[in-house]
Each structure stands twice: as C-alpha cells, then as structure tokens.
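*Asks:* sharing a model that was predicted from the sequence below.
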Amino acid sequence: MIPALVAAVTAAAALAGLAVLFGTGSWRSAMRVLLDLLTAAGLLRLAGGQGWPDLAAAAAIVLLRRLLWAALTAGGPPGQVRNPPSRAPDAPG
C-alpha cells in the first residue's frame, strides 16, 4: 500500500508543479512545490521501510531539496541593488 501511495504523491508532485508553472508562470514557485511534494513522497517511503538504507534515502532527498533551493535562490536578478541595513539614529558608532 505504501509504495502505491508514494507513486501517487510523486505523480501528484509532477502535476502540481506543472499546474503552478502554467498558473503563475513562475518556474521558481513551481520548483518549490515540486521539491516539497517530492520530500513528502520520500518521507512516506521512509514510513514503509524502517531500515538504514531507507533513512539514508530520505535524508538524501531532504538534503538535495535544501541544496537545490539554496542554489536557485542564491542570486537575485542582475542589476538589482540591495540597500544596506539602516542603523538607528541612537546606535553607537
């Protein structure tokens, strides 16, 4: 039963990612939805088997999601200027 549920969540992740992509036009939002639902599928897979290889697979999925999202959000659009944080007038220095 769990493998079928994992397959269903994985398929739903792909469909939801495509729906967000076509609905909003934002590939970053679509990627975020896809990665979150694939993480859910990995955690469901972990619920089915409780061995070390399954735990390592779930940890790898979470790590991959975090690294991929960090890489996607690392750089802003070119030409974007970020203002430095302002200090309070009574701050020393």
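*Replies:* Great, that's in hand. Numbering: from 1, shown residues only.

*Asks:* so where does the residue nearest the centre of the chain fall, helix or strand?
*Replies:* The residue lying closest to the centre of the chain (Cα atoms, centre = their mean) is L35, at 3.9 Å. For L35, the element it lies in under DSSP states H and E is helix 27-48.

*Asks:* so what does that helix touch, helix or strand wise?
*Replies:* With contacts defined as 3 or more Cβ pairs under 8 Å, 6 or more residues apart in numbering; DSSP states H and E, the packing partners of helix 27-48 are helix 2-24, helix 52-73. In this view, the C-beta of every residue, glycine as well, is placed from N, C-alpha and C.

*Asks:* touching it from outside, list them.
*Replies:* Helix 27-48 has contacts (Cβ atoms under 8 Å, 6 or more residues apart in numbering) with 2-3, 5-6, 9-10, 12-14, 16-18, 20-21, 24, 54-55, 57-58, 61-62, 65, 68-69, 72-73.

*Asks:* low-confidence stretches in the chain?
*Replies:* 49, 75-93 (pLDDT under 70).

*Asks:* for T24, see how far away the spatially closest residue to V62 that is not a sequence neighbour is.
*Replies:* Leaving out its chain neighbours, the residue that sits closest to V62 by Cβ to Cβ, 6 or more residues apart in numbering is T39, at 6.0 Å. According to Cβ to Cβ, to the nearest Å, T39 and T24 sit 20 Å apart.

*Asks:* looking only at neighbour counts, state which of those two leads.
*Replies:* Between T39 and T24, counted using other Cβ atoms under 10 Å, T39 has the larger neighbour count: 18 against 12.

*Asks:* next, find the distance separating that one from G25.
*Replies:* T39 is 24 Å from G25, by Cβ to Cβ.
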